[in-house]
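*Asks:* Got a predicted structure here, sequence first:
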Amino acid sequence: MAKANCNASMVLTVLMLSFLLVVCFAESRFLENGILKPKPATVQCDSVYGVKSGDTCFEIAEGFNLPTKVFNSINPNLNCTALFVGQWVCLDGEFSS
């Protein structure tokens, strides 16, 4: 009887561990698909400007009467130390999430 009880508890332990493993895999796929991940905010540009030789972010923002904070917020992925000729920067836009 003790051997049967030991086998039953072993089977129960294996089943519980298997269940936990399945739940962990399912949850990681659930999170990976973005169901619980917040979606990044996006910017819809209404007006853009093509960078010219010698332009800087500060000069562009100043030239279009944009506060630097606003310019940077509507151009979140812009690297101001590596602007290149022909690069498009957003001058006016709105956020959506």
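*Replies:* Good, I have the coordinates.
*Asks:* what's downstream of the worst-scoring helix or strand of the chain on mean pLDDT, the next helix or strand?
*Replies:* None of the helices or strands of the chain scores lower by mean pLDDT, DSSP states H and E than helix 2-32, at a mean of 69. Once helix 2-32 ends, the next helix or strand along the chain (criterion: DSSP states H and E) is strand 42-50.
*Asks:* Show the secondary-structure elements that that following strand is packed against.
*Replies:* Here strand 42-50 touches strand 88-96, going by 3 or more C-beta pairs under 8 Å, 6 or more residues apart in numbering; DSSP states H and E. Using the backbone N, CA and C atoms, a C-beta is placed for each residue, glycine as well.
*Asks:* which parts of the strand it packs on are buried?
*Replies:* Across strand 88-96, burial judged by 16 or more other C-beta atoms under 10 Å covers V89, C90, L91, G93.
*Asks:* average model confidence for that strand?
*Replies:* What strand 88-96 shows for mean pLDDT is 87.
*Asks:* That strand versus strand 42-50: what angle between them?
*Replies:* 160 degrees (axes from the mean of the first three to the mean of the last three C-alpha atoms, to 10 degrees).
*Asks:* Quickly run through the sheet partners of strand 88-96, with directions.
*Replies:* Strand 88-96 has its sheet partners listed here by DSSP bridges as strand 42-50 (antiparallel).
*Asks:* After the partner strand, which helix or strand is next? Please name it.
*Replies:* Heading C-terminal from strand 42-50 (DSSP H and E), you reach helix 57-63.
*Asks:* that older thread, and which of the buried residues of strand 88-96 is nearest N65?
*Replies:* The shortest approach to N65 among the buried residues of strand 88-96 belongs to L91, at 9.8 Å (C-beta to C-beta).
*Asks:* Kind regards, and thank you for your time.
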